[in-house]
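In: Please work out how this folds:
(chains A and B)
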2 protein chains.
Amino acid sequence: MLKKPRLFTAGPTPLHPEAIRAAAGPVPYHRTPEFAACFDRIQFGLRDAFRTQGPVAVLTSSGTGAMEAALASLFSAGDRVVVVAGGKFGARWVEIAVAYGLEVLELTLAPGELVVPADVAVMVEHSAPVRGLFLTASETSTGTICDVRAIVDAVRDVEPEVVTVVDAITSVGALPIATDEWGLEAVVGGAQKAFMIPPGLAFVACSPRGWELIGNRSASPRYYLDLAKYAASAEKSQTPFTPGIGLLLALEASLKAIDEVGGIQALERNADRLATACRAAMVALDLQLLSSAPSPAVTAIKAPVSGTGPDIVAAMRDHYGAQLSGGQGELKDHIFRIGHIGYVDDLDLLAVLAALEGVLADRGHDVSMGAGMAAAVASLASGQGHEGSTR
Amino acid sequence: MLKKPRLFTAGPTPLHPEAIRAAAGPVPYHRTPEFAACFDRIQFGLRDAFRTQGPVAVLTSSGTGAMEAALASLFSAGDRVVVVAGGKFGARWVEIAVAYGLEVLELTLAPGELVVPADVAVMVEHSAPVRGLFLTASETSTGTICDVRAIVDAVRDVEPEVVTVVDAITSVGALPIATDEWGLEAVVGGAQKAFMIPPGLAFVACSPRGWELIGNRSASPRYYLDLAKYAASAEKSQTPFTPGIGLLLALEASLKAIDEVGGIQALERNADRLATACRAAMVALDLQLLSSAPSPAVTAIKAPVSGTGPDIVAAMRDHYGAQLSGGQGELKDHIFRIGHIGYVDDLDLLAVLAALEGVLADRGHDVSMGAGMAAAVASLASGQGHEGSTR
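Out: Got it, this is the predicted structure:
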């Protein structure tokens, strides 16, 4: 029996065929006018994706490296910051901030809980002066979004100078984030999510004020992760250090492919309608979502019997070749997650839902076979979720 | 006229075809037993390359990121260190050390000058207490090696506890570096040199004492570049953050290919005999080397008329599609460099030498056409340089 390996994780995500092709050949030397032109095209596409006019730093690193670059380039030891931590990646902001000697106030959420913007503002006001605010636009570990714009607006009412840094690694290309319009000092993205290329690159976009603050030089020690170096090199259509050249060729191709299907907005709509259909299927299958504010990038689903999350993930992989994400940390046994960010289409979603119905029925769960599929098909046909990009 | 693009730079270097093939397909999910097995095979190959028994940290970053990881994981602000700086990459150690608040004593060399081990020892002794020593085994900007073992031995005579960190980015696979036997606390390598894969990964190997010191935790702030995290994850056959998965697949394939031609020693011999032949050709062409201790990885050649370095590099690229490296910084106008590290063979070298003769003659230089080729052929046939690996 053939079994094609298929990725339904929250990252890495399936690669775009044009990206595979672009990265498949020899690697060119990068200090040439040809490569500079390629880098400029990449900058153009990334500015669109992050909704910014300024340069977008392109780091050869995982997303975590770019998170650290944003923090170290904007903050110094002793700065008091508020971190909204709703899961593993919110906790990562705390860990990095602690490593750099920041004074961290943590607003901890229950897994899947939607943060109330006013609660963040109250915490900031009561802890004044607060210099920084760290958010996770889409918390991948719980499949939960937050309303970045509303939080920033509420916090600025009480602390106008607050410096906002957003982990948008699984948001860009799924949940619209407007770096410049919303005045976000730093927004972090990653390659292996909506950008449809292999992991190894990460991005930081900054509002004009963000770049200005970075130019003022924080006291945090840094060199490779110094965003000022990336901005200065981008002016010359280069990176400060030898980049992942093959990955940049892939990125150029995937940005072109994204443009051809209608740009980043089309990608956001695609993720949103798949997420909407996925949730409709879960309701029809009587499965519960972990999140009260579910993400367009990844859906976190409670295992029907507590403790069976890993078994469902294993069965999906072993029987169908479909790789889901399991839970992380304390959620390990209790949830499984289906990714639908990036290069995923309707048929992919229907296929994974059909497999899930089969796996659940195999395990003796009371599944009304076909109910999830039918709900998803109806949702996709109705165009629900189409308004994702205007959220 | 066809013109195949060919890389003769000091990095990126030509890719091994098996590495291209391995990285050409879809990217698998990395938190699986299959990927862990792949990572273990990579660890096995890297331990061989760095001559170490311990784990080798695999960072998704450029080589500079790994240099910084070694420094930040071993040193704290205020530590006094000696840096032997013979060019751009020695200067990079100084820049990173300054960024982290280390007290830096710089032993500056003229471009191409061989450092005398006793001079380093004298500097360390006169500046006691010195906690760290930073070396560049092969300074790519000038094509110059240093005798790492002799320097370390001399310095340990006067400062037994000195912590030695070696930039071996263009040394591993060309110039033997014995991490454990020589007691090097950290040795840094890069993917796009002898490992025949695209840029985007970098490595740090450590002696047992090096890992012990890293376990003691320096005071330098760090998170993504914290080597302790990489060692802990390697125990579980993983990386701490989502790695460049495609590049790791390529690395697995290239390490297998290296093993099949006789291991890292065969690669070192290959580079050494190509370098020896390249130098013989330069002598026959009456061209002068920049370096008094030339590297097996890259040969730096003085332009026959000062100021014509960039013109020669441009002509080689435009007429023959052969990409050499130019000079960097103050050497920009005065030298050009031919790389022969990694996936380069005799015919590659002869081809680039023939093209160089043509370009020089075109420019009116007094070239005895064929003399360089003949000297190189004779050198290759004689097996000169074969003893590279026992240096």
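In: what about A:Gly190, distance to chain B?
Out: Between A:Gly190 and chain B the distance is 8 Å, computed by Cβ to the nearest Cβ, to the nearest Å. All C-beta spots, glycine's among them, are computed from the backbone N, C-alpha and C.
In: so does stretch A:338-357 get close to chain B?
Out: No: Stretch A:338-357 stays clear of chain B (Cβ under 8 Å from any Cβ of the partner chain), getting no nearer than 10.3 Å.
In: sorry, that was for stretch A:218-228
Out: Yes: judged by Cβ under 8 Å from any Cβ, stretch A:218-228 comes into contact with chain B at A:220-226.
In: quick one: pLDDT of A:Ala97?
Out: Looking at A:Ala97, its pLDDT is 98.
In: how about the nearest residue to it, chain neighbours excluded?
Out: In space, and not counting its chain neighbours, A:Ala97 is closest to A:Val104: 4.8 Å by Cβ to Cβ, 6 or more residues apart in numbering or on different chains.
In: For the one you found, pull up the helix or strand it's in.
Out: Under the criterion of DSSP states H and E, A:Val104 resides in strand A:103-108.
In: Would you mind pulling the contact partners of the helix or strand of chain A with the lowest mean pLDDT?
Out: Least confident element among the helices and strands of chain A, by mean pLDDT, DSSP states H and E: helix A:17-23 (a mean of 91). Residues from elsewhere that reach helix A:17-23, judged by Cβ atoms under 8 Å, 6 or more residues apart in numbering or on different chains: A:196-198, A:246-247, A:249-254, A:256-257, B:23-26, B:246.
In: now the end-to-end length of stretch A:220-240.
Out: 19 Å (Cα to Cα, to the nearest Å).
In: hang on, I meant stretch A:15-28
Out: With Cα to Cα as the measure, stretch A:15-28 spans 21 Å from end to end.
In: Which positions in the strand holding A:Val104 come out as buried?
Out: Buried residues in strand A:103-108, counted by 16 or more other Cβ atoms under 10 Å in any protein chain shown: A:104-107.
In: same deal with stretch A:179-197?
Out: So, applying 16+ other Cβ under 10 Å, buried residues of stretch A:179-197: A:179-180, A:182-197.
In: so which helix or strand takes in A:Val166?
Out: Going by DSSP H and E, A:Val166 is in strand A:163-167.
In: quick one: strands adjacent to whatever helix or strand comes next after that strand?
Out: Where DSSP H and E defines the elements, the next helix or strand beyond strand A:163-167 is strand A:186-190. Taking DSSP bridges as the criterion, strand A:186-190 pairs within the sheet with strand A:163-167 (parallel), strand A:201-205 (antiparallel).
In: Need the contact partners of strand A:186-190.
Out: Contacts for strand A:186-190 (Cβ under 8 Å, 6+ apart): A:11, A:49-50, A:52, A:62-63, A:66-67, A:70, A:73-74, A:164-172, A:177, A:179, A:195, A:199, A:201-206, A:210, A:227, B:242.
In: Helix, strand or coil: sort out A:Val155 for me.
Out: Counting by DSSP: H, G, I helix; E, B strand; the rest coil, the backbone at A:Val155 sits in helix.
In: That one: what's it in contact with?
Out: Contacts of A:Val155 (Cβ under 8 Å, 6+ apart): A:117, A:120-121, A:124, A:133, A:162, A:164.
In: which ones among those residues are found in helices?
Out: Mapping these onto helices (DSSP state H) picks out A:117, A:120-121, A:124.
In: Now rank the residues you listed by neighbours and give me the top one.
Out: Most neighbours among the ones in helices among the contacts of A:Val155, by other Cβ atoms under 10 Å in any protein chain shown: A:Val124, with 26 neighbours.
In: That residue is in contact with A:Val163, isn't it?
Out: No: counting by Cβ atoms under 8 Å, A:Val124 stays clear of A:Val163, with 11.8 Å between them.
In: Return every residue with contacts to both of these two.
Out: In contact with both A:Val124 and A:Val163: A:Leu133, using Cβ under 8 Å, 6+ apart.
In: Now do A:Gln238 against A:His334, distance only.
Out: 47 Å (Cβ to Cβ, to the nearest Å).
In: between the two, which one's more packed in?
Out: Per other Cβ under 10 Å, whichever of A:Gln238 and A:His334 has more neighbours is A:His334, with 20 against 17.
In: Show residues contacting stretch A:290-298.
Out: With Cβ under 8 Å, 6+ apart, stretch A:290-298 has contacts from A:10, A:111-114, A:138-140, A:142-146, A:170-171, A:174-175, A:193-194, A:268, A:271-272, A:274-275, A:279, A:300-302, A:325, A:331, A:335, A:337-341, A:385, A:388.
In: Show me which residues of it are buried.
Out: Using 16+ other Cβ under 10 Å as the test for burial, stretch A:290-298 gives A:290-291, A:293-298.
In: ok, now stretch A:325-343?
Out: Neighbour-count burial for stretch A:325-343 [16+ other Cβ under 10 Å]: A:325-328, A:331, A:334-343.
In: and what of stretch A:273-288?
Out: Neighbour counts over stretch A:273-288 (16+ other Cβ under 10 Å) mark A:273-282, A:284-285, A:287 as buried.
In: can you pull the contacts of A:Tyr100?
Out: A:71-72, A:75-77, A:220, B:221, B:223.
In: number of nearby residues for A:Gln43?
Out: 17.
In: Residue numbers of the stretch 151-300 of chain A in contact with chain B?
Out: Taking Cβ under 8 Å from any Cβ as the measure of proximity, the stretch 151-300 of chain A contacts chain B at A:190, A:192, A:198-200, A:220-226, A:241-247.
In: quick one: A:Ala128 and A:Glu159 touch, right?
Out: Yes: between A:Ala128 and A:Glu159 there is a contact under Cβ under 8 Å: 6.6 Å.
In: Between these two, which is the more surrounded one?
Out: Between A:Ala128 and A:Glu159, A:Glu159 has the larger neighbour count (other Cβ under 10 Å), namely 20 against 9.
In: That one - nearest residue in space that isn't next to it in sequence?
Out: Using Cβ to Cβ, 6+ apart and skipping residues adjacent in sequence, the residue nearest A:Glu159 is A:Val124, 5.1 Å away.
In: tell me the SS of A:Ser368?
Out: A:Ser368 ends up coil, using three-state DSSP.
In: Touching, it and A:Leu285? I think so.
Out: Yes: contact criterion Cβ under 8 Å: A:Ser368 and A:Leu285 qualify, at 7.3 Å.
In: hmm, back to that, deepest in the core, which of the strands paired with strand A:186-190 is it.
Out: The highest mean neighbour count among those, using mean count of other Cβ atoms under 10 Å in any protein chain shown, belongs to strand A:201-205: a mean of 28.
In: circling back: pLDDT (mean, whole number) over the strand holding A:Val104?
Out: In this model, strand A:103-108 has a mean pLDDT of 98.
In: what does that strand rub up against?
Out: With Cβ under 8 Å, 6+ apart as the criterion, strand A:103-108 contacts A:78-86, A:94, A:97-98, A:115, A:119-120, A:123, A:127, A:130.
In: ok, 6 Å please
Out: A:80-85, A:94, A:97-98, A:123, A:127 (Cβ atoms under 6 Å, 6 or more residues apart in numbering or on different chains).
In: Tell me which strands that strand pairs with, and in which orientation.
Out: Taking DSSP bridges as the criterion, strand A:103-108 forms sheet pairs with strand A:80-85 (parallel).
In: Walk me through the domains of chain A.
Out: A:17-260, A:263-390 (automatic domain parsing).
In: roughly how far apart are the spatially most central residue of chain A and A:Thr9?
Out: Nearest to the geometric centre of chain A sits A:Thr170, at 1.0 Å (Cα atoms, centre = their mean). Counting by Cβ to Cβ, the gap from A:Thr170 to A:Thr9 is 11 Å.
In: In contact with A:Glu260, which residues are there?
Out: A:Glu260 sits in contact with no residue, where contact means Cβ under 6 Å, 6+ apart.
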